[in-house]
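Participant: here you go, sequence then predicted model.
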Protein chains: 2
Amino acid sequence: MNGAEAVLRTLTSSGVSVCFANPGTSEMHTVAALDEVPGVRGVLCLFEGTATGAADGYGRMADRPAAVLVHLGPGLANGLANLHNARRARTPLLAIVGDHATYHKRFDAPLESDIEALAWTVSGWVRRCTRGADAGADVAEAVAAARAPPGQVATVILPADAAWSPGAEPAAAIPVRPRPPVPDETIDAVAAVLRSGERCVILLGGTGVRRPALAAASCAARATGAGLLAETFPARHERGAGIPPVERLAYLAELAAAQLDGTRHLILVGARAPASFFAYPGKPSSLVPDGCQVHVLAGPGDDIAGALAALADRTAPGGSPGGSPGAAPTPPQPERPALPDGDLTGQSAAAVIGALLPEHAIVCDEANTSGLALPAATAGAPPHDWLTLTGGAIGQGLPLAAGAALACPDRPVLALEADGSAMYTISALWTHAREQLDITTVIFSNRSYAILTMELERTGAPAAGPAARGLLDLSRPGLGFTALAEGMGVPASRAETAAEFAAQLRRALAEPGPHLIEALVPPFS
Amino acid sequence: MNGAEAVLRTLTSSGVSVCFANPGTSEMHTVAALDEVPGVRGVLCLFEGTATGAADGYGRMADRPAAVLVHLGPGLANGLANLHNARRARTPLLAIVGDHATYHKRFDAPLESDIEALAWTVSGWVRRCTRGADAGADVAEAVAAARAPPGQVATVILPADAAWSPGAEPAAAIPVRPRPPVPDETIDAVAAVLRSGERCVILLGGTGVRRPALAAASCAARATGAGLLAETFPARHERGAGIPPVERLAYLAELAAAQLDGTRHLILVGARAPASFFAYPGKPSSLVPDGCQVHVLAGPGDDIAGALAALADRTAPGGSPGGSPGAAPTPPQPERPALPDGDLTGQSAAAVIGALLPEHAIVCDEANTSGLALPAATAGAPPHDWLTLTGGAIGQGLPLAAGAALACPDRPVLALEADGSAMYTISALWTHAREQLDITTVIFSNRSYAILTMELERTGAPAAGPAARGLLDLSRPGLGFTALAEGMGVPASRAETAAEFAAQLRRALAEPGPHLIEALVPPFS
């Protein structure tokens, strides 16, 4: 068999069954091999940023990598922004970058560029396959690298002649290294800090905001009176009715500072020491309060759930396990909002979503300023997963939803999109339609880069004149998202009142397949 | 003044008057400064690939750089593919990449990444500005670097605190280094080769396919019986009635080999030794025939027009200048095609375009397989410029057209787009509408990645089964380009016959502002 077929057979043996692809000439043998290896499903994306964002969504939900197949340096370049988000999400993800044949590179043909330089900016592991006979082994190692806890982007550069050369063989899967347990002394030390009586906050990140970890963290916090927060942009936050609620650290440094005010001990569990998203003149970059000690219970690749379970045991009242008497009462479960009436705003739209969110929904949240009310409004909804913009590179939401829907075909997916962000990777809607994915996309159409009107002020820049305002404005011309969706085969509607939005969302959620709702909302509403 | 204002004032003094922008928080001071410096026009793009492609189109037509303003590593990443094309076009272009404040970088905030690594893959010159006081001087040097013949991408990384710090000053323009003349001995040697009686081909690239150079090259070729060819993908080819016609070297290696068959001397003038665009099993990468000697008259940064004029003088019959008697007759000017009737195909669409192309049009050609008949059909049209996909990174055409239209507001622009390529940067249509650019976009909708169905066979891959065919197919669902255009404010129509296409193209060219025509054509027609 040729290298391409060995690559695909190695993917199947390594548990990779989906390949989001935007191929070119140098990937033709890999494309042709898809017919030989039915265990790998090729999913066509019209832009590489859709392929990489989809692989991110898939990996976050499946906890195993999808592959992406892209075309040389420019193809990888187009996918980098969403690989950046995947890197920050620590998503297991395998990027296969087709390249010119090994002997062709010295001719510096038009598409030649430095693929390694691009790949290393987002990958924890990069290898150039040098011959077909190695292709299977290289891919097996790449998958193992991608899956190594906490997960990362691994990139294989596959020259065309390595793909087309015969004499290749698939490689066996390499066992995934388990998450190392956190040493007892570390758990004891953190338990002692929590029992010190000083103000403590446990900051959860990574898999610390998945259900079992959350339950244990909540026990430890209640037993000791510690505060409990989640990182600002979790990759995948399990939440909703029956799951201990945890507030996320605010995006705005001012609000985050208030959340952490007075904290003497900050305990990191799969999270990093908090820092401001951006710098602002005269404001500190670190969000760790003065005089606060930072402790690390577990790094992102450690056995976070195990460490939190052990911590909950150590801190249980009377030393006995579980939330026995003496612990603070379980925080009340938030209620679902009533369906609002009246104007459609970010606030009322959030209430509609909170009222209608179906059980086991996967929410891809790139609503930005239009989504400020969402966390509170949905806290009492049935259990669901909430996926956020981990790396700040906008254009993530629609692709992420595609990948999440393919990873979990039995679960409804809700993509909540700011209008400006949606336009970066709008062609992802075509993949929603092509694969008939059960995704409801809500575009919050406020016709501006609203967050930048706020940031302009926060950075202390001079008040915006007409030229600056023009660069933050999306109203000339207004974007017609229903037309855009229909041009890509996604049924669409437009809501201008809360009642219209509720009716349209209810219908979209009830019908299988993709839908889009353009929700006209004022900025900061 | 702050660093941002110094940057913009330096741009104006250096002759840079347009900035294609997709800014974020770290660029807010630069955005605000646009109101202080009216000499720089900010043009909003909804995606960085549009900004960089537009700057490429602008630079190719204006022969001076536009600036692009993008947001940190992910913003630059989104713009890389079209910067790759600009690099291959040798377009003068200034990329300004906003970054976190210098002191903020060590916190590894979510958007932090290796900007330099990305920038070097497409830039000939990269500098990180380290303080506001240097910002003006850094930008002046960057513009000079961008303009240094033959032109290149120059990148300035501008930290937010360099932009907001006071005490900055604009820098004076740095004079542009002129193109060095080609030494007499080189010209004499090439003239001797041309007069050798052996089969010679002059291969023109870069500014060698601009009007004065073409005229001189044509004289020299006619006088000596040499063949004359242009590189496959010129950045800007001046052509049409009254300009000596020159065939381009074919994209398909088989056809290019036929064009060069029997050549004993290949004379490069601003072009590179020809190589196959991709490698194919068992086929050579170099297109230089066996036994053919390669001579370089001028490199891309040399005084190409001057060298060709001198060569024309040296080779003129009797040693006298000009196309005096004795030279081969001027090749007959091709005629314009008649307006066709009947089915709309790539062929008939090309005839319509050849029949209707207005004088001084700028054609941005990303028609790919649907455009094979275009060069012949338009050779007799009134003088026009033809801009091609220099680096092979698709998604160039719509952005390129925006930049060309802004550089030449009095000239009609025709963007000829393959459907698959158009979808990479489809949001460029919004900028066409926003700026009311006089661009007529023709989408050749053949509902497939047709070129890949051909390449699949050429690479010797196994015949495509259903999985492979699915990855080359754009028909499920069909893309509705009129809906997409209208969703972004561009009036659109759809043509299914040659007559409809002619009527719609005539109307679109007659009306100012942007238009889009979806031309339904069969693949390879």
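Facilitator: Done, it's in.
Participant: so what touches the least confident helix or strand in chain A by mean pLDDT?
Facilitator: Ranking every helix and strand in chain A by mean pLDDT, DSSP states H and E puts helix A:450-458 at the bottom, with a mean of 91. Here helix A:450-458 makes contact (CB atoms under 8 Å, 6 or more residues apart in numbering or on different chains) with A:278, A:280, A:368-370, A:418, A:464, A:468, A:472, A:523-524, B:23-25, B:28, B:31-32. For the C-beta atoms, the positions are set from N, CA and C on the backbone; glycine is no exception.
Participant: any buried residues in that helix, and which?
Facilitator: Of all the residues in helix A:450-458, those buried under the rule 16 or more other CB atoms under 10 Å in any protein chain shown are A:450-456, A:458.
Participant: farthest-apart pair in the residues you listed, please.
Facilitator: Within those, A:Ala450 and A:Arg458 form the most distant pair, 12.9 Å apart (CB to CB).
Participant: for the stretch 401-525 of chain A, which segments are assigned as strands?
Facilitator: A:413-418, A:439-445, A:492-495, A:515-520 (DSSP state E, counting those that start in this stretch).
Participant: now those strands in JSON lines, with mean pLDDT and mean neighbour count?
Facilitator: Converted to JSON lines, the strands of the stretch 401-525 of chain A look like this (pLDDT from 0 to 100; neighbours: other CB atoms under 10 Å in any protein chain shown):
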{"stretch": "strand A:413-418", "mean pLDDT": "98", "mean neighbour count": "28"}
{"stretch": "strand A:439-445", "mean pLDDT": "98", "mean neighbour count": "28"}
{"stretch": "strand A:492-495", "mean pLDDT": "98", "mean neighbour count": "21"}
{"stretch": "strand A:515-520", "mean pLDDT": "98", "mean neighbour count": "26"}
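Participant: of all those strands, which lies closest to B:Gly15?
Facilitator: strand A:413-418 (36.5 Å).
Participant: who does that closest one touch, helix- and strand-wise?
Facilitator: strand A:362-366, helix A:397-407, strand A:439-445 (3 or more CB pairs under 8 Å, 6 or more residues apart in numbering or on different chains; DSSP states H and E).
Participant: with chain B as the reference, name the closest of these.
Facilitator: strand A:439-445 (11.1 Å; CB to the nearest CB).
Participant: quick one, the least confident helix or strand of chain A and strand A:439-445 angle?
Facilitator: Interaxial angle, helix A:450-458 versus strand A:439-445 (axes from the mean of the first three to the mean of the last three CA atoms, to 10 degrees): 40 degrees.
Participant: off-centre distance for helix A:450-458?
Facilitator: 24 Å (CA atoms, centre = their mean, to the nearest Å).
Participant: for it, output the C-alpha coordinates as CSV.
Facilitator: Extracted as CSV, the C-alpha positions of helix A:450-458 are listed here (Å, rounded to 0.1, in the frame of the first residue of the first chain):
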residue,chain,number,x,y,z
ALA,A,450,-19.3,46.4,19.9
ILE,A,451,-16.5,45.1,22.1
LEU,A,452,-14.1,47.4,20.4
THR,A,453,-16.2,50.5,21.1
MET,A,454,-15.8,49.5,24.7
GLU,A,455,-12.1,48.6,24.4
LEU,A,456,-11.4,51.9,22.6
GLU,A,457,-12.5,53.7,25.8
ARG,A,458,-10.8,51.2,28.1
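Participant: show the end-to-end separation of stretch A:458-469, please.
Facilitator: 15 Å (CA to CA, to the nearest Å).
Participant: returning to that earlier point: quick one, the least confident helix or strand of chain A and strand A:413-418 angle?
Facilitator: 40 degrees.
Participant: near chain B, which residues of the stretch 51-200 of chain A are found?
Facilitator: Contact residues, the stretch 51-200 of chain A versus chain B (CB under 8 Å from any CB of the partner chain): A:73-75, A:77-78, A:80-81, A:84, A:88, A:100-101, A:103-104, A:107-111, A:113-114, A:117-118, A:120-122, A:160-161, A:164.
Participant: now the residues you listed: which count as buried?
Facilitator: A:73-75, A:77-78, A:80-81, A:84, A:88, A:100-101, A:104, A:107, A:109-111, A:113, A:117-118, A:121-122, A:160-161, A:164.
Participant: could you measure from the nearest residue to A:Gly342 once chain neighbours are set aside over to A:Ala376?
Facilitator: Excluding the flanking residues, the one nearest A:Gly342 by CB to CB, 6 or more residues apart in numbering or on different chains is A:Ala498, at 5.6 Å. According to CB to CB, to the nearest Å, A:Ala498 stands 17 Å off from A:Ala376.
Participant: and those two? which has more neighbours close in?
Facilitator: The neighbour comparison of A:Ala498 against A:Ala376 (other CB atoms under 10 Å in any protein chain shown) goes to A:Ala498, with 21 against 16.
Participant: any idea of the pLDDT on that one?
Facilitator: Looking at A:Ala498, its pLDDT reads 98.
Participant: and the most centrally placed residue in chain A, backbone torsions?
Facilitator: Nearest to the mean C-alpha position of chain A, by CA atoms, centre = their mean, lies A:Ala235 at 4.2 Å. For A:Ala235, the backbone dihedrals are phi -70, psi -40 (criterion: degrees, to the nearest 10).
Participant: same deal with the one 5 residues further on?
Facilitator: Dihedral angles of A:Gly240 (phi, psi; degrees, to the nearest 10) stand at phi 110, psi -180.
Participant: burial of the residue nearest to it when sequence neighbours are not counted, as a residue count?
Facilitator: Leaving aside its sequence neighbours, A:Gly240 sits nearest to A:Pro383 (CB to CB, 6+ apart; 4.2 Å). Neighbourhood size, A:Pro383 [other CB under 10 Å]: 15.
Participant: check A:Ile394 too.
Facilitator: The tally of other residues near A:Ile394 (other CB under 10 Å) stands at 29.
Participant: so it sits right up against A:Met423, yeah?
Facilitator: No: here A:Ile394 does not reach A:Met423: they are 9.3 Å apart, not a contact under CB atoms under 8 Å.
Participant: need the overlap of contacts for the two.
Facilitator: Counting by CB under 8 Å, 6+ apart, A:Ile394 and A:Met423 have no shared contacts at all.
Participant: the residue of the stretch 301-450 of chain A found nearest chain B and B:Gly342, how far apart?
Facilitator: Nearest residue of the stretch 301-450 of chain A to chain B (CB to the nearest CB) works out as A:Ala393 at 3.5 Å. Distance, A:Ala393 to B:Gly342, using CB to CB: 48 Å.
Participant: so which of the two has more stuff around it?
Facilitator: Legend: neighbour count by other CB under 10 Å for A:Ala393 and B:Gly342, higher for A:Ala393 (31 against 9).
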